[in-house]
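Undergrad: Quick check, what structure comes out for this input:
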Amino acid sequence: MVKIGIIGAMEEEIHLLIKKMHKNNTKIINNFNFYICDLKDIQVIITKCGIGKVNSAVGTQLLISNFSPDYIINTGVAGGISKDVNVLDIIIASETIQYDVDVRSFGYKLGQIPQMEEYIFKTDSKLKNFVEESLSSKDKYKIGRIISGDKFVSKKSTKTFLEKEFNALCVDMESGSIGQVCYLNKVPYIAIRSISDNADESSTINYEEFEKKAAKKSAELIMKTINKI
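TA: The predicted structure is shown next:
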């Protein structure tokens, strides 16, 4: 049986998925709830990791160590960074980076993790294809780089800097650390984000208005994707 782990930071990002599947059991491990569900002949383990890189890294490692998933999918919302990205667009990660890792004083690049061969974590090409095949003709989407950091980006100057420095499509607070844990454990992963705000001074207003719509779009796409695996 294929096992798929799904990680979302917030309740809004996972409850629709749990609702659409048959939930068999819930396991609590280190204060994380893991919802064990069935969808046809696939076992799906869903967890809400909480916001931020440490929470998402811990949740991902617990998921891998306790359930041995074949694939991991990260779902949720993100702030648009690229000028070509609009609210409610879908972003499929080709790779993820943690933009707030900064040891340039020792000759590293911004985002580069010291003493690691990789710091740009490539997503799985097969999963990426499954996601693309699951999109409808009405979906507006892009494939590209997602960056992560422990900060809610809400200034245009920060947004401009991140776009220039990293050539990123959007920014979140989890996918980069999830990518790192999956890389270390050799587990294929993908991150799918729906844009909830513009990552500038209007982001708080946009986020409140579009968060639920964006989370729903991301969840619906994941359901279609799972059916193709």
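
Undergrad: Where do the strands of this structure begin and end?
TA: Using DSSP state E, the strands found in the chain span residues 2-8, 22-29, 32-39, 42-48, 71-80, 90-98, 121-122, 141-148, 170-172, 189-197.

Undergrad: Ser177 touches Val58, doesn't it?
TA: No - the criterion here is CB atoms under 8 Å, and Ser177 misses it with Val58 at 9.2 Å. C-betas here are computed from N, CA, C, even on glycine.

Undergrad: what's the closest non-adjacent residue to Pro114?
TA: Distance criterion CB to CB, 6 or more residues apart in numbering; nearest residue to Pro114, sequence neighbours excluded, is Val103 at 5.5 Å.

Undergrad: tell me, how many neighbours does that neighbour end up with?
TA: 13 (other CB atoms under 10 Å).

Undergrad: And Ser105, by the same measure?
TA: Counted with other CB under 10 Å, the neighbours of Ser105 add up to 6.

Undergrad: Quick check: it vs Pro114, distance?
TA: Distance from Ser105 to Pro114, counting by CB to CB, to the nearest Å: 11 Å.

Undergrad: Glu220 now?
TA: For Glu220, the distance to Pro114 - CB to CB - is 39 Å.

Undergrad: Compare these two and say which one has the larger neighbour count.
TA: Each of Glu220 and Pro114 has its neighbours counted (other CB under 10 Å); Glu220 has more, 18 against 10.

Undergrad: ok, that one - contacts?
TA: For Glu220, the contacting residues are Leu16, by CB atoms under 8 Å, 6 or more residues apart in numbering.
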